[in-house]
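Asker: Can you look at this prediction? I've put the sequence above it.
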Amino acid sequence: MKQKIEALLQQSLQTLVNENIIKTLPAIQVSRTRDARFGDFSSNIAMTLAKQAAMSPRDIAQHIINYLPADPAVTKAEIAGPGFINFYQAEARSLDVIRQILQQKTHYGHSQAGGGERVQLEFVSANPTGPLHVGHGRGAAYGATLAALMRATGYEVDCEYYVNDAGRQMNILAVSIWIRYLQSFDIKLPFPSNGYKSEAYIFDIAEQIKQAHQTKFVQTAEVVIQKLPTDEAEGGDRELYIDALITRARELLGKDNYQIIFNAGLSSILADIRQDLEEFGVIFENWYSEQTLADRGLITQAVEQLQQAGYIEERQGAQWFLSTRFGDEKDRVIIRDNGTHTYFASDIAYHLDKFQRGYQRVINIWGADHHGYVARVKAAISALGESADKLTILLVQFANLYRHGERVPMSTRSGSFVTLRQLREEVGTDAARFFYVMRKCEQHMDFDLDLAKSQSNDNPVYYIQYAHARICSVMTQLKEKQLQHKPDTGNKNLHKLTEKHETELMTKLAAYPDIIHKSACNAEPHLLAHYLRELANLLHAYYNAHHFIIEDKNLRNARLNLILATRQVLSNGLTLLGVSAPEKM
RNA sequence: GCGCCCGUAGUUCAGCUGGAUAGAAUAUCGGUCUCCGACACCGAAGGUCACAGGUUCGAAUCCUGUCGGGCGCGCCA
């Protein structure tokens, strides 16, 4: 309908150009009105033309309307306010929406706008050193919803989790497990200050290793700690100590045995993360290991490619990537003076590989604390000859949890570390998924745990789900009254739906495809969340004002068609958000 | 100090590629169940869109500055 009006305006404006009233064709904007007093659609075109035509906006608008071709879909076009042209659509158009929804069912609102473009969406990618916490939850919910929205609008999306299984943190994890393992044999060893000290799962993994391998990795305390530097607890440096301990572990255990402990930690934690996400309704097509980048020589390859392009310079024994050439604030080290590559180097290789795997668009969802990293990654992509525009980096702000009006502290140190799993257990997956995407992602968010848990109208999730359940309940009632719903009868009598509540509901239903499109294109799932609340509100208001199960068979079936169409859209929208649409509550 | 994000009703937030009287929810106050689920509906009240300039027919929206909050500025990951 929007396109239709744009086309009509286009024709009218062309005539005006031909008659030299205006010189150039401007971009035409038509939008749905936010108020029924302004008709169904509106354009500000006359106001944007006022200057070049040297006329008042209202005068231009009159000219435009005069030349507007007649169309059965448009019943009226009128000038309003400072010079808006408001369009009123024929009733048949809005009635048609109900038929469309009932026919297209779960596909209503979907489009082919993406044209099958291959998109990679990378998100969460938390270090596999422990369970996901509530901060990761927002990225997970946001990413999964964006993926669903993009799939609904014709993109081919792969979700990917980048597993940081090669860094120093992973070695710290392995050593932490090993020390706990040794301690379980009553070997008196101090736990490293910089290790994963209070994490319960470390004990569990150590115990599993003990069960599987018994004493295979046992060493005496003397051998383990001899000649190590002093740890922080004795006034030393925690970083130096843990690095020395890692080296010691490798020497004593040998490469293979060290790897067994390392892998036990990695696979156990990764399996936990994976299950956690699945229960949260977040599924990844790919789990991409950072370690394989090095194993396949891709990091060396990426560095060489930068070298050949002339963007590498040696300074003080290290290799620097000249990212300032591409707008970064400063150049970045990619190979240290000790010959090892930095995290940034593997990230360059990783992003290069994304493009080489054929993705036409690459989207990364990062925590907002990584924003300083955006420029250098884009710089690297440009330097490697790819277009940095193909990479979109979306930053998600932190969520603060509130319980009883008080902010829940969330540091690992304070011991009140809140995991995603704990959150799900407390408020449920539906509420968590909805609350996370209810806000714009660049907006700091206050997550009210009490509200998310409450089963009342305060809680938008229940409010929307209740609307869905209520419609289901009407259908149950219908059966109990020995009545049958006749969709065809309903469709033939849609013109009887003339109540204000009914036309408002239809207008809202018709807006759904636009909302999906906009949510997907702008990566703003919160638009859909808000839309669903508004739709539920109209349904509840309608329900309270009118009866559906009435004597008049024709009107009854028309009304049932309308509420079933509403149920369909509620269900479609909730599904995209990863929230269930229950039949009973 | 520099950079990025944010500042809208008591509170939590929409609205931001400039458009009509700045909207919801919640809290507060007042109504609505002999009637398909009151997990709902209807109404009232609540605003210097942080502040100050600028751009123009028009600014919550764009630009500049100030103030306030968050985050980032490693040969860490």
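Answerer: Happy to help now that I have it.

Asker: Can you tell me the element A:Leu102 falls in?
Answerer: Using DSSP states H and E, A:Leu102 sits in helix A:91-104.

Asker: helices and strands around that helix, which ones?
Answerer: Contact here means 3 or more C-beta pairs under 8 Å, 6 or more residues apart in numbering; DSSP states H and E; on that basis helix A:91-104 packs against helix A:487-492, helix A:500-521, helix A:553-577. Quick note: C-beta positions are derived from backbone N, CA and C, even for glycine.

Asker: Report the inter-axis angle for that helix versus helix A:500-521.
Answerer: Orientation of helix A:91-104 against helix A:500-521 (axes from the mean of the first three to the mean of the last three C-alpha atoms, to 10 degrees) gives an angle of 60 degrees.

Asker: Buried residues, helix A:91-104. List them.
Answerer: Across helix A:91-104, burial judged by 16 or more other C-beta atoms under 10 Å covers A:Arg93, A:Ser94, A:Leu95, A:Asp96, A:Val97, A:Ile98, A:Ile101, A:Leu102.

Asker: quick one: average confidence on the next helix or strand after it?
Answerer: As assigned by DSSP H and E, the chain's next helix or strand after helix A:91-104 is strand A:118-122. Mean per-residue pLDDT for strand A:118-122: 97.

Asker: and whichever residue of the stretch 251-400 of chain A sits closest to RNA strand B, how many neighbours?
Answerer: In the stretch 251-400 of chain A, the residue that lies nearest RNA strand B is A:Gly372 (2.5 Å; C-beta to the nearest atom of the strand). By other C-beta atoms under 10 Å, the residues close to A:Gly372 number 9.

Asker: is it fair to say it lies in a helix?
Answerer: Yes: counting by DSSP: H, G, I helix; E, B strand; the rest coil, A:Gly372 is part of a helix.

Asker: quick one: contacts for the residue nearest to A:Ile335 when sequence neighbours are not counted?
Answerer: Distances taken as C-beta to C-beta, 6 or more residues apart in numbering place A:Gln319 nearest to A:Ile335, at 3.7 Å, with adjacent residues excluded. Taking C-beta atoms under 8 Å, 6 or more residues apart in numbering, we find A:Gln319 in contact with A:Val303, A:Ile312, A:Glu313, A:Val333, A:Ile334, A:Ile335.

Asker: my guess is A:His341 contacts A:Leu298, does it?
Answerer: No: with contacts counted by C-beta atoms under 8 Å, A:His341 stays clear of A:Leu298, the gap being 11.0 Å.

Asker: more crowded one of the two?
Answerer: A:His341 (21 against 18).

Asker: on that earlier part again, mind checking what secondary structure the residue nearest to A:Ile335 has?
Answerer: When classified by three-state DSSP, A:Gln319 comes out as strand.

Asker: Looking at it now. What's its pLDDT?
Answerer: Per the predicted model, pLDDT is 95 at A:Gln319.

Asker: Kindly report the same for the one 4 residues further on.
Answerer: In this model, A:Ser323 is scored at 94, pLDDT.

Asker: Please apply the same query to A:Arg361.
Answerer: Note for A:Arg361: predicted pLDDT of 95.

Asker: May I have the beta-bridge partners of it?
Answerer: Taking DSSP bridges as the rule, A:Arg361 bridges to A:Val119.

Asker: Around RNA strand B, pick out the residues from the stretch 401-550 of chain A.
Answerer: Counting by C-beta under 7 Å from any atom of the strand, the residues of the stretch 401-550 of chain A close to RNA strand B are A:438-440, A:442-446, A:448, A:455-458, A:460, A:462-463, A:466, A:469-470, A:472-474, A:476-477, A:524, A:526-527, A:530, A:533-534, A:537, A:540-541, A:543-549.

Asker: which other residues reach stretch A:242-256?
Answerer: Counting by C-beta under 8 Å, 6+ apart, A:168, A:171-172, A:174-175, A:178, A:192-195, A:217, A:219, A:223-225, A:228-229, A:258, A:261 sit against stretch A:242-256.

Asker: Identify the residues contacting the closest residue to A:Gly367 other than its chain neighbours.
Answerer: Excluding the flanking residues, the one nearest A:Gly367 by C-beta to C-beta, 6+ apart is A:Val396, at 6.1 Å. Contact analysis of A:Val396 by C-beta under 8 Å, 6+ apart lists A:Arg138, A:Gly139, A:Tyr142, A:Ile365, A:Trp366, A:Gly367, A:Ala368, A:Cys441, A:Glu442.

Asker: Now with 6 Å, please.
Answerer: A:Val396 makes contacts with A:Arg138, A:Gly139, A:Tyr142, A:Cys441, as judged by C-beta atoms under 6 Å, 6 or more residues apart in numbering.

Asker: Phi and psi next, for the residue in the stretch 101-250 of chain A positioned nearest to RNA strand B.
Answerer: Nearest residue of the stretch 101-250 of chain A to RNA strand B (C-beta to the nearest atom of the strand) works out as A:Gly167 at 2.1 Å. With angles defined as degrees, to the nearest 10, A:Gly167 sits at phi -90, psi 180.

Asker: For A:Met170, list the residues it contacts.
Answerer: The neighbourhood of A:Met170, defined by C-beta under 6 Å, 6+ apart, contains no residues.

Asker: Go again with 8 Å.
Answerer: A:Asn127, A:Pro128, A:Thr129, A:Asn164, A:Phe262, A:Gly265, A:Leu266.

Asker: Can you redo these as JSON lines, where the extra columns are neighbour count?
Answerer: Formatted as JSON lines, the contacts of A:Met170 follow (neighbours: other C-beta atoms under 10 Å):
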{"residue": "A:Asn127", "neighbour count": "15"}
{"residue": "A:Pro128", "neighbour count": "25"}
{"residue": "A:Thr129", "neighbour count": "21"}
{"residue": "A:Asn164", "neighbour count": "18"}
{"residue": "A:Phe262", "neighbour count": "21"}
{"residue": "A:Gly265", "neighbour count": "27"}
{"residue": "A:Leu266", "neighbour count": "21"}
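
Asker: Can you list which of these are found in helices?
Answerer: Secondary structure from DSSP state H places A:Phe262, A:Gly265, A:Leu266 of the contacts of A:Met170 in helices.

Asker: For the nearest residue to the first one once chain neighbours are set aside, the count of nearby residues, please.
Answerer: In space, A:Phe262 comes closest to A:Ala174 once its chain neighbours are excluded; the distance is 4.1 Å by C-beta to C-beta, 6+ apart. Taking other C-beta under 10 Å as the criterion, the count of residues near A:Ala174 is 25.

Asker: Tell me how chain A divides into domains.
Answerer: Structurally, chain A divides into domains by automatic domain parsing as follows: A:2-89, A:118-163+A:282-396, A:168-279, A:460-577.

Asker: Backbone dihedrals for A:Gln169, please?
Answerer: Dihedral pair for A:Gln169: phi -60, psi -40, per degrees, to the nearest 10.

Asker: Over to A:Tyr350?
Answerer: Taking degrees, to the nearest 10, you get phi -60, psi -50 for the backbone angles of A:Tyr350.
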